[in-house]
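Asker: return atomic coordinates for the entry below.
(chains A, B and C)
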Amino acid sequence: MSSIIRAKQDGDELMIVSSLDEKFIRHYFRLDDDLEKIYSKINRDEIMDSLISKYHGLRLINQDPWECLVSYICSSNNTIRNIRNSIRKMCECFGEKIEDGYYSFPLPEMLSRINKREMEQCSLGFRAPRVLEIATGIAKHEFELYGLKDLSYDEGRRELMKINGVGGKIADCVLLFAFGKLESFPVDTHIEQIMDRTYGENWKVAKNSKKREEIARFARTYFGKYCGYAQEYLYMEDLGL
DNA sequence: CTCCAGGCTTACG
DNA sequence: CGTAAGCATGGA
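Answerer: As a prediction, this is how the structure comes out:
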């Protein structure tokens, strides 16, 4: 599906120019989410209350699962800047040209035919073979990524973590940003630091690898079933936009 | 030069 | 079980 969406907002009026139908647009931008209801659930303290005021209207999106999965495989031990550059290069090199300067995200079938040498221009480092491997697996129908939408959060997470290069954090990102599992609470380095300095030690772990799991578990009980939205607002504050 | 970045895998006790 | 090195690349 290669198509451009042009969007701008004037006050509370959203203008969309696209060849895609309204149903897709509403789904992609999650326009039918009842934000006030979600706010009332996650608004547990003054901190979240101020974030809700500051970023009022901020929504999650329903990204394509394949694009989302590859993007976060590329995020492993990497900077946001390098991730964006790598994704852009993959689109330019292996995607389809839509307009001047606009390229679609390459499909699994395309990337499955790319060799390591051709992939080097994307600067993916040790992540490149992981991307090519899962592209091949999906192209050959050995892994049914799009079938995961019908699974529960826990089931989907187990399946995603079977993929080489996908652990708990990346699985949580795909579940939240592509499959709309709002009970997902991805904990990366940023969120870990935010949670440490904002919510102290509501979890008991010295400093082992299970700490992030414990933070996510706390967040789920603290913010509730829409904690994914809480994560988005916390992360937004850390980006400092 | 060293250290770290929207982590994960593997090796070793 | 648990912890720690290693991983490619680019920027501070």
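Asker: tell me how far whatever residue of chain A ends up closest to DNA strand B lies from residue A:6.
Answerer: In chain A, no residue comes nearer to DNA strand B than residue A:167, which is 2.4 Å away by Cβ to the nearest atom of the strand. Placement of C-beta: from N, CA and C, glycine included. Going from residue A:167 to residue A:6 by Cβ to Cβ, to the nearest Å gives 36 Å.
Asker: who has more neighbours, these two?
Answerer: residue A:167 (13 against 8; other Cβ atoms under 10 Å).
Asker: can you give me the buried ones in stretch A:128-147?
Answerer: By neighbour count with 16 or more other Cβ atoms under 10 Å, stretch A:128-147 contains the buried residues A:128, A:130-139, A:143, A:145.
Asker: re the thing from before, mind checking how far the residue of chain A closest to DNA strand B is from residue A:213?
Answerer: Residue A:167 is 10 Å from residue A:213, by Cβ to Cβ.
Asker: ok, and which of the buried residues of stretch A:128-147 reach DNA strand C?
Answerer: The subset of these within reach of DNA strand C, counting by Cβ under 7 Å from any atom of the strand, is empty.
Asker: let me have those residues in JSON lines, adding distance to residue A:111 and secondary structure as columns.
Answerer: Converted to JSON lines, those look like this (distance: Cβ to Cβ, whole Å; DSSP: H, G, I helix; E, B strand; the rest coil):
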{"residue": "A:128", "distance to residue A:111": "10", "secondary structure": "helix"}
{"residue": "A:130", "distance to residue A:111": "11", "secondary structure": "helix"}
{"residue": "A:131", "distance to residue A:111": "7", "secondary structure": "helix"}
{"residue": "A:132", "distance to residue A:111": "6", "secondary structure": "helix"}
{"residue": "A:133", "distance to residue A:111": "10", "secondary structure": "helix"}
{"residue": "A:134", "distance to residue A:111": "9", "secondary structure": "helix"}
{"residue": "A:135", "distance to residue A:111": "4", "secondary structure": "helix"}
{"residue": "A:136", "distance to residue A:111": "8", "secondary structure": "helix"}
{"residue": "A:137", "distance to residue A:111": "11", "secondary structure": "helix"}
{"residue": "A:138", "distance to residue A:111": "9", "secondary structure": "helix"}
{"residue": "A:139", "distance to residue A:111": "8", "secondary structure": "helix"}
{"residue": "A:143", "distance to residue A:111": "14", "secondary structure": "coil"}
{"residue": "A:145", "distance to residue A:111": "13", "secondary structure": "helix"}
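Asker: which strands or helices does the helix or strand bottoming out on mean pLDDT in chain A pack on?
Answerer: Using mean pLDDT, DSSP states H and E, the weakest-scoring helix or strand in chain A turns out to be helix A:189-199, at a mean of 90. When contacts are defined as 3 or more Cβ pairs under 8 Å, 6 or more residues apart in numbering; DSSP states H and E, helix A:189-199 packs onto helix A:211-223, helix A:227-239.
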